[in-house]
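# Provided below are the primary sequence and the corresponding predicted coordinates.
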Amino acid sequence: MAATGDTGTRVRSKGRFRFVMAFSALSIVAFSSAFDATILGNALPVIAEDVGATSLESFWMTISFMLASVALQPVHTAFSDIFGRKPVLFLCCVLFTAGLIVFGLARSPAAIITGRTIQGMGGGGLEALSEVILTDLTTLKERPLYLGILSFFWATAGAVGPPVGGALAQYASWRWLAWINLPFMGIAMVLIPLFLTLQQDRSSASSKLRRVDWIGIALFIAAVTLLLVPLTCGGNAIAWNSAGTIVSLVIGGSCLVLFVFAESRAQEPMMPPRVINTPMLAATMLGSLLHGIAMWCILYYAPLFFESVFGHDPLQSAVDGFSFAFTATPAAILTAFLIDAVRRYLWGIALGWTLATSGAGAMTLLAVDASVTAGRALLVPAGLGLGMLYPALAMPVQPAVGADLAGVATGTLCFFRSLGMTLGLAIGSAVFSNRFAALLRDSGLADLDGFDSGARDAVGFIPHLREHDLSPADLLALRKVYAASFRSICVALSVVAGVGLLATVFIKDMSIESEDEGRQAFQTEAITREDTVEMAQD
């Protein structure tokens, strides 16, 4: 779309109000999806006790959401390219809401897992499509501003989810974890049909169905499911060396190879090779994967450190993690505004990974004899760096692929971030469990009541530390084991962030002055960039 004198970039819209309402809907669904992904952790013991869930069932209450989200996220993006963004986004809202209702009404572990799975089927699409549609509605020139605002909602939801979940489960009812999201989804499901009026493909339904990459979708879902189930469950629900684990990994790996082969020959591939086949694009996708790993490891394991080492309850330990989460939130939006001001993004990626690497290194200083204040302070550098990477990593793929592929490239970037979050749980669990088991044997506490299954019971035993009949010496020794196990995760995160920093050498600044919109922009008149900046400031 051409510029108009000095007005700069223009957003195609029926008017300022319509754009604000559409962007509000995208912000709501992004917030709801991220909020729901993190709300369950601190409430899980209460839920498990209420419905009589086993450790395995409790584990699946969490992982089912993540697996469904990751497996279907690129599928939603691909379907939205063919059938339209709005109907697919609305379908994701329906799935997410249906899952909330099933979860809220559940009376058994199986019902909760079913509800969480349905939520994940929709939640992954909500996260990806909110960014994809934003890419369509805005020009590259103005996009950093709105990516920053969207990152603010996403990061804030991740920050408040754990303490809100813990507080509701502890002081009200865990069923409010479902009901609290229903009003947000109700508002979004009203705003989307009314204000998200996008350009449409007028071709017939049969021609659209023929365009779908059915083989690629089937291979992708099979590969992701068969690979992620053993990777996330290995060492927890199933043994790493079991026949089921090995067979699943082999078949999943084979499906992944076939998927790559199929995508290179598909007429309209679900995940076009062009969005990842250059060093710059590959480095950016790798960065998004590593970003997800680091974020999820810290969000999940930092509260466990405060709970196990300092004896805080789940709600207090979630509040302890605010120094990380609420540092990431302002860092994300400030970085977006600075990128918008200086018209460069590489500095944000390089500085973000530098802070994340040094921050993960600083977290290795967390120990039993550290003060709570020091523990909170040591989370700040990593929070700053990982927060900066939210908007900064979203920028390189869009000028690199052009306006026509910007949407699917953004969806692919979201997929790698979500995949990283899922792998972060697996990596953190593997590192923590292996280190914990070794230290437990060395400390002479391996036969302690409550550790019959070794490291797999380590996290589940944490609440009992406040009430277990241990001698002061044994309690101190056990807390040191927990602290050292957490430090091992921090060492692994230092490596993860360091790889992200090294990958930055393959990324370069490209012009973000383009005034082209995506495939499915508004079907309406235009408003000026000055109007959009004013809206954001309002």
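Arrived safely. Residues are numbered from 1 along each chain as shown.
# tell me which residues of stretch 159-178 are tucked away?
159-170, 174-178 (16 or more other C-beta atoms under 10 Å). Any C-beta I mention is one placed from the backbone N, CA and C, and that applies to glycine too.
# Same question for stretch 244-251.
Per 16+ other C-beta under 10 Å, stretch 244-251 contains these buried residues: Thr245, Ser248, Leu249.
# before we move on, what about stretch 432-439?
Phe432, Ser433, Arg435, Phe436, Ala437, Leu439.
# try stretch 84-92
Gly84, Arg85, Lys86, Val88, Leu89, Phe90, Leu91, Cys92.
# Spatially central residue in this protein, please.
By C-alpha atoms, centre = their mean, the chain has its centre lying nearest to Ser418, at 4.5 Å.
# Who's the closest spatial neighbour of that residue, skipping the chain neighbours?
Among residues not flanking Ser418 along the chain, Val70 sits closest, at 5.0 Å (C-beta to C-beta, 6 or more residues apart in numbering).
# Just confirm that neighbour contacts Gly424, I think it does.
No: between Val70 and Gly424 there is no contact under C-beta atoms under 8 Å: 11.7 Å.
# ok, these two, which is more surrounded?
The residue with more neighbours, out of Val70 and Gly424, is Gly424; 28 against 24, by other C-beta atoms under 10 Å.
# can you pull the contacts of that one?
The neighbours of Gly424, taking C-beta atoms under 8 Å, 6 or more residues apart in numbering as the test, are Gly292, Ile293, Ala294, Met295, Trp296, Cys297, Tyr300.
# how about a cut-off of 6 Å?
Counting by C-beta atoms under 6 Å, 6 or more residues apart in numbering, Gly424 touches Ile293, Trp296, Cys297.
# now do Gly387
With contact set as C-beta under 6 Å, 6+ apart, Gly387 has these partners: Ala328, Ala331, Ala332.
# tell me the contacts of the residue nearest to Ser418?
Ser418, Leu419, Thr422.
# Now Lys208. Nearest residue, chain neighbours left out?
Nearest in space to Lys208, with sequence neighbours left out and distances taken as C-beta to C-beta, 6+ apart, is Ile82 at 5.1 Å.
# Poorly predicted segments of this structure, please.
Residue ranges of the chain with pLDDT under 70: 1-15, 55, 234-237, 444-460, 463, 467-468, 515-538.
# So which residues of it form strands?
Taking DSSP state E, the strands of the chain run over residues 10-12, 526-528.
# Would you mind giving the domain segments of the protein?
By the assignment in automatic domain parsing, the chain contains the domains 10-212+268-537, 213-267.
# Could you look over the ones you listed and pick the most buried one?
Each of the domains of the chain was scored by mean neighbour count; the highest is domain 10-212+268-537, a mean of 21, by mean count of other C-beta atoms under 10 Å.
# Name the residues that touch stretch 471-486?
With contacts defined as C-beta under 6 Å, 6+ apart, stretch 471-486 is touched by Phe305, Ser308, Val309, Ala367, Val368, Phe432, Arg435, Phe436, Leu439, Leu440, Ser443, Leu445.
# try stretch 96-105
With contact meaning C-beta under 6 Å, 6+ apart, stretch 96-105 is reached by Ile112, Thr114, Gly115, Ile118, Gln119, Gly122, Gly123, Arg175, Ala178, Trp179, Asn181, Met185.
# now the second one, nearest residue through space, not along the chain?
I take that to be Thr114. Spatial nearest neighbour of Thr114, chain neighbours left out: Val102 (5.9 Å); criterion: C-beta to C-beta, 6+ apart.
# quick one: Ala48 and Phe59 touch, right?
No: counting by C-beta atoms under 6 Å, Ala48 does not reach Phe59; the two are 9.8 Å apart.
# how close does Ile63 sit to Ile180?
Distance, Ile63 to Ile180, using C-beta to C-beta, to the nearest Å: 22 Å.
# That should have said Phe31, apologies.
From Phe31 across to Ile180, the span is 12 Å (C-beta to C-beta).
# and if you look at Leu100?
To Ile180, Leu100 is 9 Å away according to C-beta to C-beta.
# Same list (the contacts of Val70) but as a markdown table, adding distance to Tyr345.
Converted to a markdown table, the contacts of Val70 look like this (distance: C-beta to C-beta, whole Å):
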| residue | distance to Tyr345 |
| --- | --- |
| Ser418 | 21 |
| Leu419 | 22 |
| Thr422 | 26 |
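# Which member of those is positioned nearest Leu129?
Nearest to Leu129 among the contacts of Val70: Ser418, at 12.6 Å, using C-beta to C-beta.
# mind listing what the closest one touches?
Ser69, Val70, Gln73.
# Among the residues you listed, which ones are in helices?
Ser69, Val70, Gln73 (DSSP state H).
# For these, could you give me CSV that also reports distance to Ala356?
CSV is the format used below for the ones in helices among the contacts of Ser418 (distance: C-beta to C-beta, whole Å):
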residue, distance to Ala356
Ser69, 24
Val70, 22
Gln73, 24
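# Kindly indicate which of these lies nearest Gln398.
Looking across the ones in helices among the contacts of Ser418 and measuring by C-beta to C-beta, the closest to Gln398 is Gln73, at 18.3 Å.
# Return the distance of the nearest residue to the closest one once chain neighbours are set aside relative to Ser418.
Once flanking residues are discounted, Gln73 sits nearest to Gly124: 3.7 Å by C-beta to C-beta, 6+ apart. To Ser418, Gly124 is 6 Å away according to C-beta to C-beta.
# what do the two both touch?
Shared contacts of Gly124 and Ser418, defined by C-beta under 6 Å, 6+ apart, are found at Ser69, Gln73.
# Check whether Glu268 really touches Val212, as I assumed.
No: if you go by C-beta under 6 Å, Glu268 and Val212 don't touch, sitting 7.8 Å apart.
# Which stretches in the stretch 401-538 of the chain count as helices?
With DSSP state H, counting those that start in this stretch, the ranges of helices along the stretch 401-538 of the chain come out as 403-443, 458-461, 472-503, 529-537.
# Of those, which is nearest Gly352?
Nearest to Gly352 among these is helix 472-503 (8.4 Å), distances taken as C-beta to C-beta.
# Next, the angle from the closest one to helix 403-443.
Calculated by axes from the mean of the first three to the mean of the last three C-alpha atoms, to 10 degrees, helix 472-503 forms an angle of 150 degrees with helix 403-443.
# Now do helix 472-503: distance to the chain's middle.
Distance, stretch centre to chain centre, for helix 472-503: 22 Å (C-alpha atoms, centre = their mean, to the nearest Å).
# same deal with stretch 219-228?
Its chain's C-alpha centre and that of stretch 219-228 lie 18 Å apart, by C-alpha atoms, centre = their mean.
# Contacts for it, please.
So stretch 219-228 is in contact with Leu67, Ala71, Ser248, Ile251, Gly252, Cys255, Leu256, Leu258, Phe259, Ala262, Thr422, going by C-beta under 6 Å, 6+ apart.
# Farthest pair within the residues you listed?
Greatest spatial distance in the contacts of stretch 219-228: Ala262 and Thr422, 22.9 Å, computed using C-beta to C-beta.
# Reformat the contacts of stretch 219-228 as a markdown table; add distance to Ala218.
What follows is the contacts of stretch 219-228, written out as a markdown table (distance: C-beta to C-beta, whole Å):
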| residue | distance to Ala218 |
| --- | --- |
| Leu67 | 17 |
| Ala71 | 11 |
| Ser248 | 17 |
| Ile251 | 13 |
| Gly252 | 13 |
| Cys255 | 9 |
| Leu256 | 13 |
| Leu258 | 10 |
| Phe259 | 9 |
| Ala262 | 9 |
| Thr422 | 20 |
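# Check those against Ala409 and report the nearest one.
Phe259 (17.9 Å).
# OK, contacts around the closest one?
Leu219, Phe220, Ala223.
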